[in-house]
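Trainee: Sequence below, structure please.
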Amino acid sequence: MIPYGKHRIFADDVRAVTDVLEHGFLTQGQQVPLFESALCQYTGAAFGVACNSGTSGLHIACLAAGVKPGDVVWTVPISFVASANCALYCGAEIDFVDIDPVTRNMSVDALVDKLHLALAENKIPKAIVVVHFAGSSCDMAAIAEITEPYGITLIEDAAHALGANDSLQHKVGACKYSAMTVLSFHPVKSITSAEGGAVLTNDEELAVLLRRYASHGITRDPAMLGESHNDEPWFYAQHELGFNYRLSDVHAALGRSQLKHLDEFVTQRLALAERYDEALEELPVIKPVLDTNSAWHLYMIELTTHDRKVVFNELRARGIGVNVHYIPIHLQPYYQQLGFKLGQFPHAETYYERALTLPLFPALTADNQKEVITQLREVLS
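Mentor: This is a model prediction of the structure:
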């Protein structure tokens, strides 16, 4: 079976991990701060806080943004559920902005319309989780310009997009237009730390708060301990109800080593996407926009003349590990219980009904990609 996504590990990655296992601290050593520093150097962000998953990163980003019960957070329906769950973890309400049917990212027009309604109802969101779907950056400059007058905190969900640039050639993660950017290092993402994530920001106060939320709400900062404890080196203080979201040194060592290969990975993904774009030209499918700034985490087509279930099952039977990204969040049973209904976000629902994810990952060989294309052509013929 040719999978839709797969990590690629090099000998230097293995050495980085074994070196920590043999000589370093397994947790809370030097590898985590070194990894955070490397992420900042790559993206241009001022501060980075590593955590044990992208989901954890989204949670602490919402907490650091001050999201609380009574607040509303917006995101898009086409994403993994973590993009919406993070608001609910904080006791806030969640709502959605429909996608653009061409880019499949947040629709700027839909955002404007929804903000007008929210203003009339006095229900402006506290934060918006902006998802860079499949590796392509949203129009962050436009989204920031639209939301800035309302004081809305922008959180970029860049789980798919490490290694991408926006249309103005800013690295995703530089936080040029947002308060925070959240990354994921799951094995199928741009790079992997096996499991892990990070939150990037240019705001030092946010960075300090993020770090406390990721570590039980605890600090050892002398400035926050009080003079009476200056001679007590063991002393620490809990200031928030935080979580054990820390990343281990073992995971950080792998992530830091993988980061050295990131540009290579992105170049390989783009080449694969370009081959798909050319090879699928005559097929009855809608192709993704060939965005050369994208990190190309996923390559999704939309079937226009065939039943998706039939095509999916036939390709799987032929050894092609296609997938579907994603079931719209608002159609999940849990979110239906919150009052969301079919028909509320038509572009997201139409995309989902036709979507099919083709295999794309750096180690996908030319022969394997040719096999994917050949089998897809036969099934659609």
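
Trainee: what's the residue closest to the geometric middle of the protein?
Mentor: A159 (1.7 Å; Cα atoms, centre = their mean).

Trainee: Which residue, neighbours along the chain excluded, lies closest to G54?
Mentor: Nearest residue to G54, sequence neighbours excluded (Cβ to Cβ, 6 or more residues apart in numbering): S184, at 2.9 Å. For every residue, glycine as well, the C-beta is placed using N, CA and C.

Trainee: before we move on, the earlier item: just list the residues touching the residue nearest to the centre of the chain, thanks.
Mentor: Counting by Cβ atoms under 8 Å, 6 or more residues apart in numbering, A159 touches G54, F80, A82, V131, V182, L183, S184, H186, K189, G197.

Trainee: Before we move on, what's the pLDDT of the third one?
Mentor: What that stands for is A82. Among the per-residue scores, A82 holds a pLDDT of 98.

Trainee: ok, it to L315 distance?
Mentor: 27 Å (Cβ to Cβ, to the nearest Å).

Trainee: quick one on the thing from earlier: the residue nearest to the centre of the chain should be in a helix, yeah?
Mentor: No: counting by DSSP: H, G, I helix; E, B strand; the rest coil, A159 is not part of a helix but coil.

Trainee: Against A194, how distant is the residue nearest to G54?
Mentor: 12 Å.

Trainee: the more surrounded of these two?
Mentor: S184 (29 against 16; other Cβ atoms under 10 Å).

Trainee: May I have the phi/psi pair for that one?
Mentor: The phi and psi values for S184, taken as degrees, to the nearest 10, are phi -130, psi 140.

Trainee: Domain ranges for this protein, per the record?
Mentor: 11-258, 262-380 (automatic domain parsing).

Trainee: Deepest in the core, which of these is it.
Mentor: domain 11-258 (a mean of 20; mean count of other Cβ atoms under 10 Å).

Trainee: chain center to that one: distance?
Mentor: Centroid separation for domain 11-258 versus its chain: 9 Å, with Cα atoms, centre = their mean, to the nearest Å.

Trainee: tell me how far the ends of that domain are from each other?
Mentor: End-to-end distance for domain 11-258: 11 Å, by Cα to Cα, to the nearest Å.

Trainee: Would you confirm that D12 contacts S257?
Mentor: Yes: D12 is within contact range of S257, at 5.7 Å (criterion: Cβ atoms under 8 Å).

Trainee: returning to that earlier point: tell me which of the domains of the chain sits nearest to P3.
Mentor: domain 262-380 (4.3 Å; Cβ to Cβ).

Trainee: hang on, D13 is in a strand, isn't it?
Mentor: No: going by three-state DSSP, the assignment for D13 is helix, not a strand.

Trainee: ok, it to T192 distance?
Mentor: Distance from D13 to T192, by Cβ to Cβ: 9 Å.

Trainee: before we move on, back to that, show me the one of the domains of the chain that comes nearest Y4.
Mentor: Closest among the domains of the chain, once you apply Cβ to Cβ, is domain 262-380, at 4.4 Å.

Trainee: Can you give me the end-to-end span of that closest one?
Mentor: 34 Å.

Trainee: Also stretch 200-218?
Mentor: OK, stretch 200-218 end separation, Cα to Cα: 20 Å.

Trainee: mean confidence for it?
Mentor: 97.

Trainee: One more: stretch 169-184?
Mentor: pLDDT averaged over stretch 169-184 gives 98.

Trainee: cool, and stretch 121-141?
Mentor: Mean predicted lDDT for stretch 121-141 stands at 97.

Trainee: start to end distance for it?
Mentor: End-to-end for stretch 121-141, by Cα to Cα: 26 Å.

Trainee: hmm, back to that, so what sits against both of D13 and T192?
Mentor: L254, Q258.

Trainee: Tell me where the stretch 201-350 of the chain has helices.
Mentor: 204-213, 222-225, 249-259, 262-279, 308-317, 333-337, 346-354 (DSSP state H, counting those that start in this stretch).

Trainee: so which of the ones you listed comes closest to E232?
Mentor: helix 222-225 (8.2 Å).

Trainee: What are the contacting residues of that closest one?
Mentor: By Cβ under 8 Å, 6+ apart, helix 222-225 touches T219, N230, F235, Y236, A237, H239.

Trainee: residues contacting the second one?
Mentor: So the one you mean is N230. So N230 contacts P222 (Cβ under 8 Å, 6+ apart).
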